[in-house]
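J.: Next come a sequence and a model predicted from it.
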Amino acid sequence: MSLAMRFWTLVVNVLCIPMHVLKAVGLYEGYKRIFPICQQRISVNYNKIMHERKAELFRSLTEFIKPGGKLTILEIGCGSGANFEFYPPGCKVICTDPNPHFQKYLDKSMKQNDHLTYDRFVVASAEDLASVGDESVDAVVCTLVLCSVRDIPQTLREAHRVLRRGGGFFFLEHVVADPSTWSYFFQHVLQPMWYYFGDGCEVTRETWKYVEEAGFSELKLRHLEAPLIFIIKPHIVGYAVK
């Protein structure tokens, strides 16, 4: 199976040569203007399918509200604001995303979710959250983001840094499938093409290993099979405590 996987991955890589060239000369960056349109539509469908799982995950946010205070959430890779509807009323939300072209969709989501207070939107990579102070937030939310960051350990270090002691890191991510499955085979074969479609998304990451090694004092993580297309069916979900 590994020989076949390598062969078909090579075939797909050859078919993707035009995209490789566009990226090499810098023309692929134009897709970042189009990607928010695609992502916003995908997020609507994803929320419908994963509504109960998201609602269950974010119910635990209330556990991190300080006595007599409000909950301050930093969302890394906020995209179009697909998570806002699941946040408890009265939260203050700081949004970051490396793609400035999400602003239009983010503004719309903010208006639709007026049960929240929005602090600011910062154009920043997940690996560099310098605009957010040390131990300044109660919760960090990261959903469908760790698949496309350049450096997962650095992203998790930044999340750990900005969290107050006792704060929570919430995650919902698709991950690589079990090696014995056909999903694993096709994830690797189709990865070169999927990378461009998903603006840097990688479906072959063992993301849970990085979360387990990130130095949190407590971790609640579980694997699940989401009712989605096979390439992004395997997920991890949970939260960690600083």
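T.: Yep, it's here.
J.: List the residues that contact the residue lying closest to residue 177 once chain neighbours are set aside.
T.: Closest residue in space to residue 177, ignoring its immediate chain neighbours: residue 183 at 3.8 Å, by C-beta to C-beta, 6 or more residues apart in numbering. Any C-beta I mention is one placed from the backbone N, CA and C, and that applies to glycine too. Contact partners of residue 183, counting by C-beta atoms under 8 Å, 6 or more residues apart in numbering, are 177, 230-231, 233-234.
J.: Just say helix, strand or coil for residue 183.
T.: For residue 183, the secondary structure call by DSSP: H, G, I helix; E, B strand; the rest coil comes out as helix.
J.: And residue 176, by the same measure?
T.: coil.
J.: Could you tell me how many residues sit around it?
T.: Residue 176 has 20 neighbouring residues, counting by other C-beta atoms under 10 Å.
J.: One more: residue 148?
T.: Using other C-beta under 10 Å, residue 148 has 16 other residues around it.
J.: doesn't it fall inside a strand?
T.: No. Read with three-state DSSP, residue 148 is coil and lies in no strand.
J.: So the nearest residue to it once chain neighbours are set aside versus residue 99, what's the distance?
T.: Closest residue in space to residue 148, ignoring its immediate chain neighbours: residue 200 at 4.3 Å, by C-beta to C-beta, 6+ apart. Distance, residue 200 to residue 99, using C-beta to C-beta, to the nearest Å: 10 Å.
J.: what's the burial count for residue 120?
T.: Neighbour count for residue 120, taken as other C-beta under 10 Å: 10.
J.: Is it part of a helix or strand, or is it coil?
T.: Using three-state DSSP, the three-state assignment for residue 120 comes out as strand.
J.: where's it relative to residue 110, distance?
T.: For residue 120, the distance to residue 110 - C-beta to C-beta - is 11 Å.
J.: so where's the chain uncertain?
T.: Regions of the chain meeting the criterion pLDDT under 70 cover residues 1.
J.: residue boundaries of the strands in the protein?
T.: Taking DSSP state E as the test, the strands found in the chain are 72-76, 92-97, 117-123, 137-143, 163-174, 218-225, 234-241.
J.: For these, give me JSON lines that also has distance to residue 51.
T.: Below are the strands of the chain laid out as JSON lines (distance: least, C-beta to C-beta, whole Å):
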{"stretch": "strand 72-76", "distance to residue 51": "18"}
{"stretch": "strand 92-97", "distance to residue 51": "20"}
{"stretch": "strand 117-123", "distance to residue 51": "22"}
{"stretch": "strand 137-143", "distance to residue 51": "13"}
{"stretch": "strand 163-174", "distance to residue 51": "12"}
{"stretch": "strand 218-225", "distance to residue 51": "14"}
{"stretch": "strand 234-241", "distance to residue 51": "13"}
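J.: Could you say which one of the ones you listed comes nearest to residue 20?
T.: Go through those one by one with C-beta to C-beta and the one that ends up closest to residue 20 is strand 163-174, at 23.7 Å.
J.: hang on, the earlier thing: how close does the residue nearest to residue 148 get to residue 98?
T.: For residue 200, the distance to residue 98 equals 10 Å [C-beta to C-beta].
J.: of these two, who's got more company?
T.: Applying other C-beta under 10 Å to residue 200 and residue 98 shows that residue 98 carries more neighbours, namely 21 against 15.
J.: can you pull the contacts of that one?
T.: Counting by C-beta under 8 Å, 6+ apart, residue 98 makes contact with 77, 123-126.
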